[in-house]
Every structure is written in C-alpha cells, then in structure tokens.
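Asker: Can you look at this prediction? I've put the sequence above it.
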Amino acid sequence: MEFEGDEAIQRIFQGEKDTIFFFSDNATHQFQKTFVEIAESEKKVTEKVLIFSNSKITSGLGQRLADFVGAKA
C-alpha cells in the first residue's frame with residue numbers, strides 16, 4: 001500500500017494492523033521490487049495482521065511519516 005491519502009492513514013494509524021514501511025523517494029529502488037515480492041508472497045499469512053506500505057521520505061505525507069518514526073534520508 002502506498003502511504004498517501006486518508007485511506008492509508010486511517011488503516012495504519014487507527015490500529016487496524018501493524019505496518020512494515022519501506023522508505024524511498026526512488027520508485028524503482030532495487031529493494032522496492034523485493035519488498036513487493038515479499039508482501040505478495042506472504043499475503044495469505046500476513047493479510048489479517050500486517051500491512052506492507054511504501055512511502056516517500058523527503059516529500060508529502062511520507063516526509064511527515066519519516067519524521068514521526070525517526071527515519072532519515
């Protein structure tokens with residue numbers, strides 16, 4: 001799930017599920033593909049308890065999220 005917009009904020013911060021974030025401003029980052037593959041391959045196991053979310057780190061809501069969790073670019 002892309003961390004942008006009200007839906008993502010509500011799902012993640014209203015306690016629906018724990019979340020693993022991948023922070024990068026580069027949509028084609030070499031580990032982005034791996035992150036998505038893991039999320040998809042583990043979906044049957046994790047879909048009820050875990051959200052995989054990718055987020056920008058230096059702009060928009062992603063920057064605010066990065067500041068909130070202490071992630072640095």
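Answerer: Yep, it's here.

Asker: what's the burial count for residue 44?
Answerer: Residue 44 sits with 8 neighbouring residues when counted by other C-beta atoms under 10 Å. To be clear about C-beta, it is placed using only N, CA and C from the backbone, and glycine gets the same treatment.

Asker: That should have said residue 2, apologies.
Answerer: 13.

Asker: so who does it touch?
Answerer: 8, 53-55 (C-beta atoms under 8 Å, 6 or more residues apart in numbering).

Asker: neighbour-wise, which of those leads?
Answerer: Ranked by the number of neighbours (other C-beta under 10 Å), the contacts of residue 2 place residue 55 first, at 24 neighbours.

Asker: Report the contact partners of it.
Answerer: Remark: with contacts taken as C-beta under 8 Å, 6+ apart, residue 55 is in contact with 2-3, 21-23, 61-62, 65-66.

Asker: Repeat the analysis, applying 7 Å as the threshold.
Answerer: The neighbourhood of residue 55, defined by C-beta atoms under 7 Å, 6 or more residues apart in numbering, consists of 3, 21, 23, 62, 65.

Asker: for residue 51, same thing?
Answerer: Counting by C-beta under 7 Å, 6+ apart, residue 51 makes contact with 1, 11-12, 17, 19.

Asker: rerun that using 10 Å as the cut-off
Answerer: Contacts of residue 51 were listed using C-beta atoms under 10 Å, 6 or more residues apart in numbering, and they are 1, 3, 8, 11-12, 16-21, 39.

Asker: that older thread, sort out for me which of the contacts of residue 55 are in strands.
Answerer: Applying DSSP state E to these, the entries found in strands are 21, 23.

Asker: Buried residues, the worst-scoring helix or strand of the chain on mean pLDDT. List them.
Answerer: When the helices and strands of the chain are scored by mean pLDDT, DSSP states H and E, helix 43-46 comes last with a mean of 79. Residues of helix 43-46 classed as buried by neighbour count (16 or more other C-beta atoms under 10 Å): residue 46.
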